[in-house]
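1. Provided below for reference: sequence and predicted model.
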Amino acid sequence: MLLRPLAILASALCASGCVSKGTYDAAVESAHQAEAKDLSRVSALQAELATLTKRQADLQRQLDTATLSGKADVARLRQEEAAIAARAALLRDLAGKFAKMVDAGDLKIVLRDGRMVLQLPNDVLFDTGRIEIKPGGLVTLANVAAVLRTVPGHNFQVAGDTDDVPIATRQFASNWELSSARALVVVHDLLKEGMAPGRLSGAGYGQFDPVAANDSPAGKAKNRRTEITVQPNIDEILAMPSSL
């Protein structure tokens, strides 16, 4: 079982003997912040898994009460149940395989519009205004590709995003050109890491798909990112209800 930050703190303080109240309060506050960060990191995935689990239970109740006269309904329910089970398994699998990278701050796992998205901050991959991937970013993408190659039946869209600071250079007339170029550079690197061409696509959204307000340096930093979206396959799209 994993120890929470506060549990680790308590053990450490007990082992080290007496500490001042100021030192203790500062350590407790730091532990609270670490615990809140850990909880926020997994809360979206936990909520999605809870929703899927509830839907599976609802489907099972409907199947238990279905009659032979409703063969079409039974088939539809079983198809939906299989799609939900596959989605839940994928979420758990990817969350586990990317856990170390998330903890290191190299990427985030988020859910947007019902899709699982890997967010890579631009300071991990690129210098400002550049499209050459940094050495550390190449390592990160190699690790990402190693995991994505193990995911059957899904394609992946790589999307570049920027903050709202305009760029106008000989190479990039706008943030659209910059974000698109970055997305394609990442696509080509994933290809070098053994991913199949038919499973990848690239897109650039410039500053027009923000995840935070651009009114602060922290918000701008969140918007400067590269996203890799796990695309649902056609069977999942047909089987999943509109409420999920």
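-> Arrived safely.
2. and residue 171, its phi and psi?
-> Phi and psi for residue 171, reported as degrees, to the nearest 10, are phi -90, psi -40.
3. ok, and the closest non-adjacent residue to it?
-> residue 177 (7.7 Å; Cβ to Cβ, 6 or more residues apart in numbering). In this view, the C-beta of every residue, glycine as well, is placed from N, C-alpha and C.
4. work out for me the element the one you found sits within.
-> helix 175-192 (DSSP states H and E).
5. show me the strands in the protein, by range?
-> 108-112, 115-121, 156-161, 200-204, 225-230 (DSSP state E).
6. got those strands as TSV, with mean neighbour count columns?
-> Output for the strands of the chain, formatted as TSV (neighbours: other Cβ atoms under 10 Å):
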stretch	mean neighbour count
strand 108-112	16
strand 115-121	19
strand 156-161	23
strand 200-204	19
strand 225-230	23
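7. of all the ones you listed, which one is nearest residue 143?
-> Closest of the strands of the chain to residue 143 is strand 115-121, at 10.9 Å (criterion: Cβ to Cβ).
8. please, where are all the helices along this protein?
-> 5-16, 21-65, 71-97, 99-103, 122-125, 135-148, 175-192, 217-223, 234-239 (DSSP state H).
9. circling back: what comes up buried for the helix holding residue 177?
-> 175-187, 189-190 (16 or more other Cβ atoms under 10 Å).
10. nearest to residue 152, of the residues you listed?
-> residue 190 (16.4 Å).
11. in this protein, what helix or strand scores lowest on average pLDDT?
-> In the chain, no helix or strand scores lower on mean pLDDT, DSSP states H and E than helix 5-16, which sits at a mean of 45.
12. pretty sure residue 228 sits against residue 144.
-> Yes - contact criterion Cβ atoms under 8 Å: residue 228 and residue 144 qualify, at 6.9 Å.
13. quick check: neighbours shared by the two?
-> Common neighbours of residue 228 and residue 144, using Cβ atoms under 8 Å, 6 or more residues apart in numbering, are 118, 120.
14. point out where this protein drops to low pLDDT.
-> For the chain, the stretches flagged by pLDDT under 70 are 1-45, 56, 63, 66-72, 234-244.
15. what about residue 198, how many neighbours?
-> By the criterion of other Cβ atoms under 10 Å, residue 198 has 7 neighbours.
16. and it, how far from residue 155?
-> Going from residue 198 to residue 155 by Cβ to Cβ, to the nearest Å gives 8 Å.
17. please apply the same query to residue 122.
-> 23 Å.
18. those two - which one has more neighbours?
-> Neighbour count, other Cβ under 10 Å: between residue 122 and residue 155, residue 122 has more, with 22 against 15.
19. give me the number of residues near the residue nearest to that one when sequence neighbours are not counted?
-> Nearest residue to residue 122 in three dimensions, chain neighbours excluded: residue 224, at 4.0 Å (Cβ to Cβ, 6+ apart). Residue 224: 21 surrounding residues under other Cβ under 10 Å.
20. could you pull up the residues touching residue 224?
-> By Cβ under 8 Å, 6+ apart, the contact list for residue 224 reads 121, 122, 123, 161, 162, 163.
21. ok, now residue 115?
-> 229, 230, 231, 232.
22. and the gap between the closest residue to residue 184 other than its chain neighbours and residue 64?
-> Leaving out its chain neighbours, the residue that sits closest to residue 184 by Cβ to Cβ, 6+ apart is residue 202, at 4.6 Å. Using Cβ to Cβ, residue 202 is found at 46 Å from residue 64.
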